[in-house]
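[1] my questions concern the predicted model and sequence given below.
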Amino acid sequence: MVRSAGRVVRHRTPRRRTLTLVACVLALAAPVFTGAATLVGRRIDIDAGESTWIVPHRIDLDLPGESGQDTPPTRLRIASLGVDTGLESLQVDPKGELQSPKVYDEAGWFAAGTVPGDPGPAVLAGHVDSRTGPAVFYKLHELKPGDRVEVQRAGAWLTFKVTAREHYEKARFPSAKVYGPTPLPELRLITCGGEFDTARHSYRENVVVYAVLS
Amino acid sequence: MIVIGASLRRRTAALSAAALLGLGLSFAGASPASAAGVGYVRLAHLSPDTPAVDVYLSSVSGSMATQKFDAVGYGVVSKYLPLAPGTYAVAMRTKGAAADSPPVLSTQATVVEGKAYTVAGVGKFTDLGLRVIPDDLALPEQGKAKVRVVQASVKEPVLDVSIAGGAKVAGGVQFASTTDYQLVDPGKWTLRLTPPSVTTAATTVTAPLQAGSVYSLIVLDGKNGLTAQLRTDATSNGVPAGGVDTGAGGTAADPDRTGLWLTFGSAALLVVLASAGLLVLRRRHRVPTQL
């Protein structure tokens, strides 16, 4: 008798043929933290020659923690900066670069990316200024670790806590760090900073604020 | 000549050092008060014959109130906690034991910004230990997912891991160890876990994996044979190229904005120092031709 991942059953009367039985679905109770493993079926191979039943296991796993809801975010509130804005959806252009909001006084979110509140880095961008004066993220560089940032989604406000603020040259923007995988629901608030390049009509730096759902 | 050369070299070195200092200033100006960010820690109970434990997590520097996880049982993997970089103490106590009683086990984990760790109770009860397993949150290659296997089964203490009908991932994976992360194509992914004994059946595990995400597949003792859990270590959903153009310049001359003058000042200093350095280098080159 051999110990087995599946089950090895001594068979008393050897048979001369191979049979395959598929047992019915055997659902195990989902553990508290889910990522539930479900034992979907058991293939039972009866091999007469060796007079043993070898029972391989087949385990089908679901993606853990999927909310299944793609409710978009509707508003962004940063009380310490006096920001309270609607959110437009932002797309990437053919070069793959994130496009900025059309309205200077409104922030936007990268709609093809993470929805705020879902695991991953949700990207919110806003202008620092218009041609004539301050825009919605004019004061973004004043945020400090511990400050609260709130996003409204499906009528509820989600509170994120600022963990870091970084300034990156656009020419050396660390995309993998800013947009790369995160274990928790997080935010990346992005605007411009640094020196204004009049020839390119663009600021040389990006200010990126990192926040984690609290 | 040699003496002159040496002295010039020294001056050049001194000037380069000054230029580097200028550069440092410039960086400091460009990133005023950038914050430390967070690292991530989660806790796991991967010891099949160890009863449920209470797990305590506290900051060695006392910067965080102690967090307690009640009655953590075999196979439980907590959510990640975002933590300020620093050193943390993890202690396991018997379920319900007083918080000030001596722990059954304790260890320390140093958390680095942007890094993630799984602190796991591993081994059999008799030689139970706490291991700090580094998790890799780095962005997988474009269009790929990343997955590893965490071996926590005592029933099958050694497993060969391979992709069904494909490449071997790792051979002889011992109880209480992990494979390296593997880059795989997203979609439905099937893994074969094969015990070394030829008479023992393989277990196949299928899991749906998404591009840009990082997974740990945890193999555990089940009621019959093995069972498994899929954990999403980290998720990303599309990576735009580079930064965003978010400004039209209407306040570009406003000195109040983002430490701009400091950047200008140090950039100017850098230009002065660099040209001085260049001058010395030119003179140095000229010396041998004169002799």
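    That came in fine, so what should we check first? Numbers count the residues shown, from 1 in each chain, chains lettered A, B, ... in the order given.
[2] confidence score at B:P85?
    Looking at B:P85, its pLDDT stands at 92.
[3] what's around the spatially closest residue to A:Y203 that is not a sequence neighbour, how many residues?
    Spatially, and ignoring its direct neighbours in sequence, A:Y203 is nearest to A:C192 (3.6 Å; CB to CB, 6 or more residues apart in numbering or on different chains). C-betas here are computed from N, CA, C, even on glycine. Neighbour count of A:C192, defined by other CB atoms under 10 Å in any protein chain shown: 32.
[4] beta partners of A:C192?
    A:N206 (DSSP bridges).
[5] spit out the contact partners of it.
    The neighbours of A:C192, taking CB atoms under 8 Å, 6 or more residues apart in numbering or on different chains as the test, are A:127-129, A:202-203, A:205-207, B:244-247.
[6] first to last residue in stretch B:110-122, what's the distance?
    With CA to CA, to the nearest Å as the measure, stretch B:110-122 spans 19 Å from end to end.
[7] and what of stretch B:164-179?
    From its first residue to its last, stretch B:164-179 covers 16 Å (CA to CA).
[8] contacts for it?
    Here stretch B:164-179 has contacts from B:46, B:122-123, B:131, B:133, B:148-154, B:157-163, B:180, B:182, B:190-192, B:196, B:204, B:216, using CB under 8 Å, 6+ apart.
[9] can you give me the strands in chain A?
    A:8-10, A:18-22, A:37-47, A:52-54, A:57-61, A:73-78, A:83-90, A:107-110, A:120-125, A:148-153, A:156-169, A:185-197, A:202-213 (DSSP state E).
[10] residue ranges of the strands in the stretch 51-200 of chain B, please?
    B:53-59, B:67-72, B:81-83, B:86-94, B:105-111, B:116-122, B:129-135, B:145-152, B:158-163, B:168-174, B:177-178, B:182-184, B:187-194 (DSSP state E, counting those that start in this stretch).
[11] neighbours of A:F110, how many?
    Neighbours of A:F110 under the rule other CB under 10 Å: 26.
[12] and the gap between it and A:S89?
    Plainly put, A:F110 is 8 Å away from A:S89 if you go by CB to CB, to the nearest Å.
[13] pLDDT below threshold where in chain A?
    Low-confidence segments of chain A, defined by pLDDT under 70: A:1-56, A:62-69.
[14] apply 50 and report the result again.
    In the predicted model of chain A, residues A:1-55 satisfy pLDDT under 50.
[15] who does the closest residue to B:G39 other than its chain neighbours bridge with?
    Spatial nearest neighbour of B:G39, excluding adjacent residues (CB to CB, 6+ apart): B:V111 at 3.8 Å. Going by DSSP bridges, B:V111 is paired in beta bridges with B:G86.
[16] tell me how far B:V111 lies from A:G180.
    Per CB to CB, B:V111 is found 18 Å from A:G180.
[17] got it, and B:T232?
    Relative to A:G180, B:T232 is positioned 14 Å away (CB to CB).
[18] and B:V119, how far from chain A?
    Here B:V119 is placed at a distance of 14 Å from chain A (CB to the nearest CB, to the nearest Å).
[19] not counting sequence-adjacent ones, nearest residue to that residue?
    With CB to CB, 6+ apart, the residue lying closest to B:V119 is B:V90, at 4.9 Å.
[20] list the contacts for B:P48?
    B:74, B:124, B:152-155, B:220-221.
[21] could you do B:A228 as well?
    Residues in contact with B:A228 (CB under 8 Å, 6+ apart) are A:37, A:59, A:61, B:203, B:205, B:217-220.
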